[in-house]
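Novice: here's a sequence, model it:
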Amino acid sequence: MSNILVVGGAGYIGSHVTKELIKAGHKAIVFDNLITSRKEDIVSGADFIFGDVRNPADIGGAMKQDIDAVIYLAALKAAGESMVIPEKYAVNNISGAINLFNAMAENNVKKIIFSSTAAVYGEPQYLPIDEKHPTEPINFYGFTKLEIERILKWYDKLKNIRFAALRYFNAVGYDVEGVVNSLEQQPNNLLPVVMEAVIGKRPQVELFGDDYDTPDGTCVRDYIHVSDLSSAHLLALDYLIKYDESFTANLGTESGLSVKEIIDAVKKISGVDFVVKISPRRPGDPPKLLANSQKAYDLLGWKAQYSDIDTIVKTMLRAYGHSS
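Specialist: Residues are numbered from 1 along each chain as shown. Model (predicted):
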């Protein structure tokens with residue numbers, strides 16, 4: 001059993017990862033400022049430390065809990081907002097990460113799983129995107145994640161902190177076992193927005209562009225079930241413990257789902273025919289984004305198991321209180 005500090009562990013992905021850590025026999029210590037989550041969302045069985053990575057004293061104090069490894073999930077992630085308020089993302093994501101890494105170095109904590117993003121790649125030059133693809137982010141959010149990865153590489157060299165950087169596109173779904181059902185606060189991603197339309201919280205769903213060069217004219221994205229993401233974080237932790245070697249790997253399905261496919265599936269499974277408004281394209285939305293995850297399979301034996309459209313939609317409808 002290891003003592004794992006889950007930074008951002010009260011959030012959507014963090015709650016799922018925390019649940020899997022406890023299930024695997026680890027002690028999970030959630031560190032969170034509860035800005036985008038609630039205390040009642042913290043998984044039963046986890047310890048909780050209220051704190052903020054922007055405050056070195058907070059994260060330094062948490063690191064004195066005899067921590068064996070860190071899972072870092074505390075970044076702000078709204079790409080659009082990052083282009084309007086970059087200073088907010090610079091301080092929270094980059095400065096916060098530096099505070100965390102410094103606290104790790106000071107307290108001799110040598111392993112970290114960093115929840116990165118496929119937004120580090122920017123516009124795809126080929127598909128599916130593998131880890132050798134050029135990293136040229138097109139939004140400040142993606143830039144902050146890439147900078148954190150670069151800083152981690154230096155801390156690996158200079159402070160012997162081993163890291164796993166996991167890059168993925170869209171986390172969706174809810175715990176397949178039904179234990180974690182805490183909803184995202186103020187969501188801006190497609191599926192939570194669609195779910196809010198199903199339960200009547202939103203009057204309509206806005207579809208941005210139906211004239212892309214894709215089979216049905218809408219954007220295709222690589223959606224990965226959060227239970228699959230959680231298993232990848234645990235496998236990455238096991239790898240670092242066993243091999244003491246840093247790595248970067250994509251997590252994805254390589255198949256992808258279009259916006260229209262998702263909307264149609266939700267309507268069919270929920271039985272709710274919500275309003276869909278076609279709006280103009282958003283700037284910076286590529287027609288297709290798909291990640292190659294062969295490296296994750298080769299290194300970790302990881303493969304998506306729950307990222308089919310039916311499992312994604314049904315687990316989300318359950319969490320949103322709508323029986324399918």
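
Novice: packing partners for the longest helix seen in the chain?
Specialist: If you go by DSSP state H, the chain has its longest helix at helix 140-159. If you count contacts as 3 or more CB pairs under 8 Å, 6 or more residues apart in numbering; DSSP states H and E, helix 140-159 packs onto helix 79-84, helix 86-89, helix 96-106, strand 111-115, strand 162-167. Any C-beta I mention is one placed from the backbone N, CA and C, and that applies to glycine too.

Novice: for residue 212, which of those is the nearest?
Specialist: Between residue 212 and the helices and strands packed on helix 140-159, the shortest separation by CB to CB is 18.1 Å, and it involves helix 79-84.

Novice: which parts of that closest one are buried?
Specialist: Of the residues in helix 79-84, those scored as buried under the neighbour-count criterion (16 or more other CB atoms under 10 Å) are 79, 81-82.

Novice: check stretch 293-304 too.
Specialist: With burial defined by 16+ other CB under 10 Å, the residues of stretch 293-304 counted as buried are 293, 295-296, 299-300, 302, 304.

Novice: cool, and stretch 99-107?
Specialist: Residues of stretch 99-107 classed as buried: 99-105, 107 (neighbour count, 16+ other CB under 10 Å).

Novice: ok, now stretch 160-171?
Specialist: When burial is assessed from 16+ other CB under 10 Å, stretch 160-171 yields the following buried residues: 161-171.

Novice: now, the most widely separated pair of those?
Specialist: Across these, the two members that end up farthest from each other (CB to CB) are 161 and 170, 28.5 Å apart.

Novice: sketch out the low-pLDDT regions of the stretch 1-150 of the chain for me.
Specialist: Judged by pLDDT under 70, the stretch 1-150 of the chain has no weakly predicted residues.

Novice: strands of that one, start to end?
Specialist: In the stretch 1-150 of the chain, strands defined by DSSP state E, counting those that start in this stretch lie at 3-7, 27-32, 47-50, 69-72, 111-115, listed in chain order.

Novice: check the stretch 201-324 of the chain too.
Specialist: For the stretch 201-324 of the chain, the strands identified by DSSP E, counting those that start in this stretch occupy 204-208, 220-221, 223-225, 247-250, 257-258, 275-279, 288-289, in order along the chain.

Novice: which one of the ones you listed lies closest to residue 139?
Specialist: strand 288-289 (13.0 Å).

Novice: list the contacts of the closest one.
Specialist: 118, 124, 127, 129, 169, 214, 219-222, 256 (CB atoms under 8 Å, 6 or more residues apart in numbering).

Novice: distance from it to the middle of the chain?
Specialist: Distance of strand 288-289 from the chain centroid (CA atoms, centre = their mean, to the nearest Å) equals 17 Å.

Novice: also stretch 6-20?
Specialist: Averaged over its C-alpha atoms, stretch 6-20 has a centre that lies 10 Å from its chain's centre (CA atoms, centre = their mean).

Novice: CA atoms only: put it into PDB for me.
Specialist: Listed next in PDB are the C-alpha coordinates belonging to stretch 6-20 (Å, rounded to 0.1, in the frame of the first residue of the first chain):
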ATOM      1  CA  VAL A   6      -4.300  13.300  -5.300                       C
ATOM      2  CA  VAL A   7      -4.000  17.000  -6.100                       C
ATOM      3  CA  GLY A   8      -7.400  18.100  -7.400                       C
ATOM      4  CA  GLY A   9      -8.900  14.900  -6.100                       C
ATOM      5  CA  ALA A  10     -12.300  16.300  -5.400                       C
ATOM      6  CA  GLY A  11     -12.900  17.100  -9.100                       C
ATOM      7  CA  TYR A  12     -14.500  15.000 -11.800                       C
ATOM      8  CA  ILE A  13     -11.500  13.000 -12.900                       C
ATOM      9  CA  GLY A  14      -9.900  13.200  -9.400                       C
ATOM     10  CA  SER A  15     -12.900  11.600  -7.700                       C
ATOM     11  CA  HIS A  16     -12.800   8.600 -10.100                       C
ATOM     12  CA  VAL A  17      -9.000   8.200  -9.700                       C
ATOM     13  CA  THR A  18      -9.300   8.400  -5.900                       C
ATOM     14  CA  LYS A  19     -12.000   5.700  -5.900                       C
ATOM     15  CA  GLU A  20      -9.800   3.400  -7.900                       C
END
